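Trainee: give me a 3D structure for the following:
(one chain, ligands or ions: 1)
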Amino acid sequence: MTPSPIWPVPQQMTLRDDALPLSQAALVVPLRASATDIAPAHLFADMVADDFGLVVPIARGAAPAGRVPIEVRIAGRPGAGRTPADLPGAEGYLLKVTAQGGQILGRDRRGAQYAAATLIQLCQRRGREIVVRGAEIRDWPYKPVRMVHLYLPGPDHLGYARRYLRDFLVRYKYNGLFIELGGGVRLRNRPEIPVAWRRFVEETFAIGDTSPIYGMNRPLGPNRRFPDSVHTHLADGHYIEPDDLRRLFDWAREYDLEPIPEVQGLTHAYYLTAAHPEIAELADAVFPDAYCPSNPESRRILFDVMAEYIDITGCRAVHIGRDEWRAGGLCPVCRERDAGELFAYDALETIQWLKERGVRAWMWGDHLLRKHTATGSTHDDGTILWDYPQTLKAAEIISAAKPDVTILNWSWALGSAEETDEVIAALGFKQIYGNFDGRHFEGWEERSAHPSILGAEVSSWCAWNDFELGMLHYPSALYAANMMWSNQWPTQTDAEEAVARQTPKLRDRMRRSWEKPRLWSEATTGQRKHVVPIRAACNAPAKGETWDLSGLVSGRHRCDGVPFEILDSVRNEGRCSVVVERSHRPTSTYPHASEPIPITARYGSLIFWQVATAQGAETPHVGDGTNFPREAGELLGWYEVLFADGLTRAVEVRYSENVSAWDAGFQLLYYAREARAGEQPDGRPLVIWGLEWTNPRPHIEIESVVLRGAGALPEVRPRGRVSDARAMLLGITAVELPKWEDYRGLALPGLSP
Ligand SMILES: [Zn+2]
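Mentor: Numbering: from 1, shown residues only. Presented below is the predicted three-dimensional model:
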């Protein structure tokens, strides 16, 4: 299947053979267009400017003479003209592009905006022209709530967060975001909370990663009690200024994204108890994760914090958290009461307090479900005591009160629809799937059709920065975008391949404004990308003791315009790849370092096409699971790049970050190009990973590259587990920097080296 050029896949789309040249186009809005009417035209013009360096003018009423018009309109607005009968409902749009002109018509502001998000995906460079592919599209969302959940960005990542809203959420047709605030803002009425929050993070970092000891990165409570996750990557462990928070919410609203703050109460309350240990449920906890619901002071402090957050953000809804209650019903007062009643009372008080201020509520649903945390359990594995309160009464009490709350059902993987979704629906609640993971959701079509299911949210649980989102969030959020928006659901493999085509472009788009320079394989033209022969170092056959790559298709391949070559082992003395042994293992079959692979030229980047010979060690959660996210993927080896002056640089091969096992298939890794290079013995796609290393010294000649195997370090891996997986190199592509003549079409004699 050829992946759709538009993601999510439009509900109805016909691609045409003609195209509209953008350099000759103008965006045309109604004569008396207001700021609202012009916004979608600005959105498109801004994206074209940023993606292609081309300015498309915006004109009122009619296109300037000689310009091809692209009309941008919102139905029902002054000057928008007659509303066609086939215009879809809320958030929907019609789009038509031919060589003669284009029209986009949104049902509402969001509809016009999503039409612009589709239009930008139809744009492509053809030679020196930027064109919009001809197309006729009728499109609308499947589900009305399409959200993500993020931690507040840190002070240095606000610019990145702003671009994320437009270049990720809007482009893939999300319409809202939960932002967990914790203690990450300098609060004027409670200044002690952000200060205590930062100190809490500093202290937990000073303790270091605990996952090598018990597989979880958090300090245990009294008597080895398992506590809530710590969320220390929120605001990068710091706090931002109140006006920064206001700006962030305003930026989201400019794109009609609904920003909803999550202000955790009862559980995940480290940010409150760090400043006020007197409200902790467990007085002897060093880092209490829960406050005492029987202590009126707990909610007094929480409501002070909420009041200020509502005031700053102007939000009309608050997510009140309340998942994963671990330390419940344990203090001398609570011990005398039913934990379900305590939970319900605390939640209802909070929802009522919000209602009195005209603010709706959202809440996690795990404590309402027998199948999840409600039943309570106790288990001691000798290292950790797992002990949860039984909250079965909570569902009944909360349901009877009929509060205005929408449930985030993140229990969907723990049971059938009858045991999860339908229980929440029967309690009278609307719901969305929380912590949604489309690749692991069974029966989407049937389950999501239930009228109580409004949509889903994809969580990140990590810092709002490119590295952590790339590891944890972008792959699943890209995948899920199509399930929530479209009714066109490709098979899982086809959907994964479509997402794998999106990730390098997303990565280039996000790093262009953040982690310069660009991804050179995206930025340069085809003739600047060269296959580098690796024959000099080849030492391994297509089939080894743990791998079978006999289905690799030898010869030249092309992945999104990037050429690479797979060696034919038959013509190469039975060898097609470079394998090195891990340095904690003997070198009986493979050496610890490969023969040098000559490069002898200057390049902007090198792409290493690779697989792992076996599955690597477990990767800790890059957000909550470690203080060292860049070390999360197990180091299998590295490419030692030798420059002409003798300096070396290392390119790290990390399992689950930029490489996976030879038989893993599409993994949607953000830090590699995923290319289908043949078939596995069972017929599934044989996927290889193109790790692109951006050369920090592009003006210095690279002499050679050597692949080296890394040793295992159990003392820093979760539960001390390591693997013997080796790095296997299958090819190298070298990418030149763009040349001046690529911009002007001319070579300047004497200046162009
Ligand atoms: Zn208590």
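
Trainee: give me the below-cutoff pLDDT ranges for the stretch 451-600 of the chain.
Mentor: 512-515 (pLDDT under 70).

Trainee: one more time with 50
Mentor: Residue ranges of the stretch 451-600 of the chain with pLDDT under 50: none are present.

Trainee: so after the host helix or strand of residue 130, what's the next helix or strand?
Mentor: Following DSSP states H and E, one finds residue 130 within strand 129-139. Toward the C-terminus, strand 129-139 is succeeded by strand 145-151 as the next helix or strand (DSSP H and E).

Trainee: direction included, what does that next one pair against?
Mentor: For strand 145-151, the pairing partners within the sheet under DSSP bridges are strand 176-180 (parallel), strand 453-459 (parallel).

Trainee: I'd like the next helix or strand past the last one.
Mentor: Note on strand 453-459: by DSSP H and E, the next helix or strand toward the C-terminus is helix 466-472.

Trainee: before we move on, what about the shortest one?
Mentor: Once the chain leaves strand 176-180, the next helix or strand it forms, by DSSP H and E, is helix 192-207.

Trainee: re earlier: now the strands paired with strand 145-151 as TSV including distance to residue 152?
Mentor: Where you see a C-beta, it was placed from the backbone N, CA and C, and this is true even at glycine. Listed next are these as TSV, based on distance: least, C-beta to C-beta, whole Å:
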stretch	distance to residue 152
strand 176-180	6
strand 453-459	14
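
Trainee: which element is the nearest residue to residue 672 once chain neighbours are set aside on?
Mentor: Nearest residue to residue 672, sequence neighbours excluded (C-beta to C-beta, 6 or more residues apart in numbering): residue 689, at 3.8 Å. Assigned by DSSP H and E, residue 689 belongs to strand 685-694.

Trainee: what's that strand packed up against?
Mentor: Secondary-structure packing of strand 685-694 (3 or more C-beta pairs under 8 Å, 6 or more residues apart in numbering; DSSP states H and E): helix 520-523, strand 605-612, strand 648-654, strand 673-679, strand 727-735.

Trainee: how far does the following helix or strand past it sit from its chain's centre?
Mentor: Remark: after strand 685-694, the chain's next helix or strand is strand 702-709, criterion DSSP H and E. Per C-alpha atoms, centre = their mean, to the nearest Å, the displacement of strand 702-709 from the mean C-alpha position of its chain is 32 Å.

Trainee: count the residues that sit near the residue of the stretch 1-150 of the chain found nearest the ion.
Mentor: Nearest to the ion in the stretch 1-150 of the chain, going by C-beta to the ion, is residue 149, at a distance of 28.0 Å. The local packing of residue 149 (other C-beta atoms under 10 Å) involves 22 other residues.

Trainee: quick check: it touching residue 176?
Mentor: No - applying C-beta atoms under 8 Å, one finds residue 149 not in contact with residue 176, separated by 10.0 Å.

Trainee: what's around residue 442, how many residues?
Mentor: Using other C-beta under 10 Å, residue 442 has 10 neighbouring residues.

Trainee: next one: it from residue 697, what distance?
Mentor: Note on residue 442: its distance to residue 697, by C-beta to C-beta, to the nearest Å, is 49 Å.

Trainee: and what about residue 600, helix, strand or coil?
Mentor: Assigned state for residue 600: strand (three-state reduction, DSSP: H, G, I helix; E, B strand; the rest coil).

Trainee: residue 111 too?
Mentor: State at residue 111, reduced to three classes by three-state DSSP: helix.

Trainee: from residue 92, how far off is it?
Mentor: Distance, residue 111 to residue 92, using C-beta to C-beta: 5 Å.

Trainee: looking at these two, which one has more neighbours?
Mentor: Legend: neighbour count by other C-beta under 10 Å for residue 111 and residue 92, higher for residue 111 (27 against 22).

Trainee: thought that one was touching residue 80?
Mentor: No - the criterion here is C-beta under 8 Å, and residue 111 misses it with residue 80 at 11.6 Å.

Trainee: so what's residue 598 closest to, chain neighbours aside?
Mentor: Counting by C-beta to C-beta, 6+ apart, the residue nearest residue 598 is residue 704, at 5.3 Å.

Trainee: may I have the beta-bridge partners of the one you found?
Mentor: Here residue 704 shows beta-bridge partners residue 598, residue 642, assigned using DSSP bridges.

Trainee: measure residue 688 to residue 439 for me?
Mentor: To residue 439, residue 688 is 20 Å away according to C-beta to C-beta.

Trainee: the two: which is more packed in?
Mentor: Just comparing residue 688 and residue 439: by other C-beta under 10 Å the higher neighbour count belongs to residue 688, 27 against 16.

Trainee: centre of the chain to stretch 719-735, how far?
Mentor: Counting by C-alpha atoms, centre = their mean, stretch 719-735 is centred 23 Å from the centre of its parent chain.

Trainee: domain map for the protein?
Mentor: 12-139, 145-489, 520-740 (automatic domain parsing).
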